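Can you look at this prediction? I've put the sequence above it.
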Amino acid sequence: MADILTLAVDCGGGGIKAAVLDSSGTAHAAPVRVPTPYPLPPELLVDTIAKIATDLPAAGRVTVGMPGMIRSGVVVHTPHYITRSGPRSRVDPALLDAWHSFDMRAAVAGRLNLPALVLNDAEVHGAGVVAASGLELVITLGTGLGTAMFHGGRIAPHLEWSHAPVRRSLTYDQYIGEPERRRLGDGLWSRRVVTVVDGLRPVFHWDRLYLGGGNARRITPSALARLGDDVVIVPNSAALVGGARAWDLLPAQ
């Protein structure tokens with residue numbers, strides 16, 4: 001039986017990346033990246049994904065990872081795409097309405113005429129790295145903070161605890177997101193990452209924690225030494241590799 005190729009699309013706050021991969025995670029062409037356009041109604045994101053697909057080899061299915069709370073391919077809430085000009089800008093009420101309960105999976109499947117899977121972006125990222133053993137937590141460090149949890153290799157129900165307060169009315173997202181990294185510098189920001197990990201360890205009692213996303217590589221060596229043997233830094237490329245593997249790690253029905 002021929003290997004099914006997957007179009008994996010990683011939708012971020014600043015850019016949209018895509019690649020076509022086989023089941024082993026090998027890319028069949030160089031990945032494509034375009035800036036995330038704003039304002040971004042749902043139809044424009046679907047159009048952008050379709051345009052990217054024309055520049056890549058034909059695939060048999062598509063996986064889309066996007067920020068926010070996604071349930072069964074339907075957008076419950078997405079933080080960046082409801083804004084007028086991108087992360088941390090003002091929320092547009094019209095976009096808020098447009099994205100709420102938008103069936104992204106149906107829209108992508110219909111536009112590309114392919115079976116589609118739409119998940120939170122951290123869940124897709126995690127699918128590329130988890131060992132499918134025990135409780136595994138994934139934290140992605142980028143524009144904000146993304147999270148996903150896997151138990152026995154299955155995707156657990158998504159929790160947007162990145163928006164919960166961590167200190168002085170700051171959310172986790174604001175506490176270690178990209179604006180704070182730029183303000184503090186990598187050294188002080190890395191100390192905050194250690195504080196977050198130490199605070200979450202007694203809450204989750206994970207078997208393994210994976211730190212990924214574009215900013216994971218910015219954690220300083222001294223901070224890495226404090227994180228513990230149960231914490232692993234993983235490459236940002238997992239966000240695309242996970243697009244192929246996610247089909248085998250779906251939640252139990």
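Right, received. Where do you want to start?

from the chain's centre, how far out does stretch 26-45 sit?
14 Å (C-alpha atoms, centre = their mean, to the nearest Å).

Identify the residues contacting that stretch?
Stretch 26-45 has contacts (C-beta atoms under 8 Å, 6 or more residues apart in numbering) with 5, 11-22, 48, 51-52, 55-57, 66, 75, 80-81, 83-86, 89, 92, 95, 98-99, 102, 104, 107, 240. (C-beta placed from N, C-alpha, C; glycine too.)

are any of those residues buried, and which?
Buried members of the contacts of stretch 26-45, counted by 16 or more other C-beta atoms under 10 Å: 5, 11-13, 16-21, 48, 52, 56, 66, 75, 80-81, 83, 86, 92, 95, 98-99, 102, 104, 107, 240.

out of these, which are inside strands?
Assignment to strands by DSSP state E places the following of the buried ones among the contacts of stretch 26-45 there: 11, 16, 17, 18, 19, 20, 21, 66, 75, 102.

wait, what's in contact with the second one?
What it means is residue 16. 9, 10, 33, 34, 35, 36, 45, 48, 49, 52.

repeat that for 10 Å
By C-beta atoms under 10 Å, 6 or more residues apart in numbering, residue 16 lies in contact with 9-10, 32-37, 40, 45, 48-49, 51-52, 64, 66.

How about residue 106?
So residue 106 contacts 73, 74, 116, 118 (C-beta under 10 Å, 6+ apart).

can you redo those as TSV with distance to residue 221 and secondary structure?
Formatted as TSV, these follow (distance: C-beta to C-beta, whole Å; DSSP: H, G, I helix; E, B strand; the rest coil):
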residue	distance to residue 221	secondary structure
73	40	coil
74	42	strand
116	41	strand
118	37	strand
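
Write the ChimeraX selection for whichever of those are buried.
In ChimeraX, a selection of the buried entries from the contacts of residue 106 looks like this (16+ other C-beta under 10 Å):
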select :73,116,118
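
Between all of the contacts of residue 106, which two are separated the most?
74 and 116 (12.2 Å; C-beta to C-beta).

Mind listing the shared neighbours of those two?
Counting by C-beta under 10 Å, 6+ apart, the residues touching both residue 74 and residue 116 are 104, 105, 106.

Give me the secondary structure label for residue 59.
coil (DSSP: H, G, I helix; E, B strand; the rest coil).

Isn't it up against residue 3?
No - Residue 59 is beyond contact range of residue 3, at 11.0 Å (criterion: C-beta atoms under 10 Å).

what's the overlap in contacts for the two?
21, 22, 28, 244.

Could I get the average pLDDT for the helix ranked longest in the chain?
Counting residues, the longest helix found in the chain (DSSP state H) is helix 186-204. Averaged across helix 186-204, pLDDT comes to 96.

What helices and strands are in contact with whichever helix or strand comes after that helix?
Downstream of helix 186-204, the next assigned helix or strand under DSSP states H and E is strand 208-212. In terms of contacts (3 or more C-beta pairs under 10 Å, 6 or more residues apart in numbering; DSSP states H and E), strand 208-212 is packed against helix 121-127, strand 135-141, strand 145-151, helix 186-204, helix 221-227, strand 231-233, helix 238-245.

okay, the ones you listed, which one's buried deepest?
Among the helices and strands packed on strand 208-212, ranked by average contacts under mean count of other C-beta atoms under 10 Å, first place goes to helix 121-127 (a mean of 30).

Let's see it as PDB, backbone CA atoms only.
This file holds the C-alpha atoms of helix 121-127, laid out as PDB (Å, rounded to 0.1, in the frame of the first residue of the first chain):
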ATOM      1  CA  ASP A 121      -1.000  24.000  17.100                       C
ATOM      2  CA  ALA A 122       0.700  22.700  20.300                       C
ATOM      3  CA  GLU A 123      -1.200  19.400  19.900                       C
ATOM      4  CA  VAL A 124       0.300  19.000  16.400                       C
ATOM      5  CA  HIS A 125       3.700  20.000  17.700                       C
ATOM      6  CA  GLY A 126       3.500  17.400  20.400                       C
ATOM      7  CA  ALA A 127       2.400  14.700  18.000                       C
END
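
Great, nothing more from me.
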